[in-house]
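Trainee: With the input below, show me the fold.
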Amino acid sequence: MKLYASITASAFIAISGSAFGDNTTSHEQVGTDNMAATDQTEAGFGNSIIKRQIGSGNEVTGTQEDGVINSSILSTQTGNQNEATIIQSGGVSLSAINSQVGSQNTAEITQEFSIGSQVSIRQLGTSNASYIEQRFGSGNAFTSTQDGESHFFLGRQEESANSNIFVFQDGERQSAVVEETGGNIGSSVLIFQFDRDDFATVSLVATINGTLDIFQDGSDSYGGLAQFSSVDSTMTLRQTDNRHFAFANQALSLFSDILIIQRLGDANITSITQTGTLNSIELRQNGAGNNVTLEQSAVDSSIDITQTGATNQVTGSQLSSKFSTIDSRQFAIDNVLTVNQGGLLVSATNEQSGLQNVANIEQAGTEIDLFTRQIGFNNRADFRQTGDSLSITSRQFGNNNDISITQGGDSNSSFSLQIGNNHTKEITQTGSNGRAFNFQTGGNSNTGVITQ
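Mentor: Numbers count the residues shown, from 1 in each chain. The predicted structure follows:
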């Protein structure tokens, strides 16, 4: 009976305060199976809702809308299977804070038509879930912090300007999904995940000057980046440790960039797809047994790859492209590069340093250039070009390197330089007006064959 009277008194304060524009609501519940609901509508300035629940099976709902200004909601829940729902609409400098300690708790916060507002959710325990959505606002920010295991976070910003999302998850088997849609301008997303078996995806749709960053420190994690119809936006994924999977898709975008860094890890798998104009992909891998698959069909775009370690593989295609480039560098042992490139005025650059590296590059189109360099021992290269006005420049330094060049078409040229011992080279040109230059110096037992 005392608890009922307390809630009734609080409700009376909220209702009577509405007329004067200064509303305050406070709830405190100790026990199980409790429920509290608050609704403030057509409120004035300086509104506040504070709720605190201790026990299990509690539910709390707080709503502020229709012209709420300088309002705040604070909700604290301790126990298991608690639920918190907070809605704020139409205001300036709104604040919503929800803290939950326990397991299988759920927190949901929605803000819309707000400016300079803050949302914060903190969950400690296991298998908790948080949902945050901000729509039609400017200068807003929301933060989700989850400590423990098997947490889930879903965040969404729609038609917002200069808004920020920050997600921090510490523990195993964490999941984070963030979406920015519907014409966001100058918005940013930052996700930190620590430990293993984590999952994070971020998508940017029809945004301008957006920034997405994912940091995963652990092993066996998945990081996904997706960008569609965006302008001047950047996506970055950083992964540390072993057996990560990274996925990046950039479609129909302009002046946009993708950066993926995988360091101090082995057996990582990366898949990259890019279409659009004036875009770039940059990949950095440090470890062994890493595998990269990339596909680019774009105009005036670039792919840049650096791998340091052993038994790394890169398989890529750049087809139907114009004025685009692929640059790759592999350092150490038993690295393999396979690239298929086609289009107009495209180029590829490859550098391999170490032992037993393999480069296979195939190009087709018009006015295509290939530059390659191998430094070390027992490296192999196979280059094939089909079309007109093609050029290949290859250099090998060390011993026991092997290179094969095949060109089919008219007005093609090949330049090859080998320095060291026991090199072999074969150049074949079919068509008319072909030119081949072969230089072997500074060594013994080198072999060169040119067929035109």
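Trainee: you'd agree residue 253 is up against residue 226?
Mentor: No: with contacts defined as C-beta atoms under 8 Å, residue 253 does not count as touching residue 226, sitting 10.6 Å away. Every residue, glycine included, has its C-beta placed from N, CA and C.
Trainee: The two: which is more packed in?
Mentor: Counted by other C-beta atoms under 10 Å, residue 253 and residue 226 do not tie: residue 253 has more neighbours, with 26 against 19.
Trainee: contacting residues for the more buried one?
Mentor: Taking C-beta atoms under 8 Å, 6 or more residues apart in numbering as the definition of contact, the neighbours of residue 253 are 227, 228, 229, 230, 231, 233, 275, 276, 277, 279.
Trainee: rerun at 6 Å
Mentor: Residues near residue 253 by C-beta atoms under 6 Å, 6 or more residues apart in numbering: 227, 230, 276, 279.
Trainee: Among those residues, name the ones in helices.
Mentor: Nothing among the contacts of residue 253 maps onto helices, per DSSP state H.
Trainee: farthest pair in these?
Mentor: Farthest pair in the contacts of residue 253 (C-beta to C-beta) is 230 and 279. Separation: 9.8 Å.
Trainee: ok, residue 372 touching residue 394?
Mentor: Yes: taking contact to mean C-beta atoms under 6 Å, the distance of 4.8 Å between residue 372 and residue 394 places them in contact.
Trainee: tell me the mean pLDDT over the host helix or strand of residue 216?
Mentor: Residue 216 belongs to strand 211-217 when assigned by DSSP states H and E. Model confidence over strand 211-217 averages 91 on the pLDDT scale.
Trainee: just how off-centre is that strand within its chain?
Mentor: Chain-centre distance of strand 211-217: 6 Å, with C-alpha atoms, centre = their mean, to the nearest Å.
Trainee: How about stretch 407-425?
Mentor: When C-alpha coordinates are averaged (C-alpha atoms, centre = their mean), stretch 407-425 and its chain have centres 40 Å apart.
Trainee: Ends of it, what's the gap?
Mentor: End-to-end distance for stretch 407-425: 14 Å, by C-alpha to C-alpha, to the nearest Å.
Trainee: what's the answer for stretch 178-187, then?
Mentor: Distance between the two ends of stretch 178-187: 12 Å, counting by C-alpha to C-alpha.
Trainee: Next, give phi and psi for residue 239.
Mentor: When quoted as degrees, to the nearest 10, the phi and psi of residue 239 stand at phi -130, psi 140.
Trainee: which residues pair with it across the strands?
Mentor: According to DSSP bridges, residue 216, residue 262 are recorded as the beta-bridge partners of residue 239.
Trainee: got a list of what residue 182 touches?
Mentor: Contact partners of residue 182, counting by C-beta under 6 Å, 6+ apart, are 158, 159.
Trainee: all helices in this structure, in order from the N-terminus.
Mentor: Listed in chain order, the helices found in the chain under DSSP H are 2-18.
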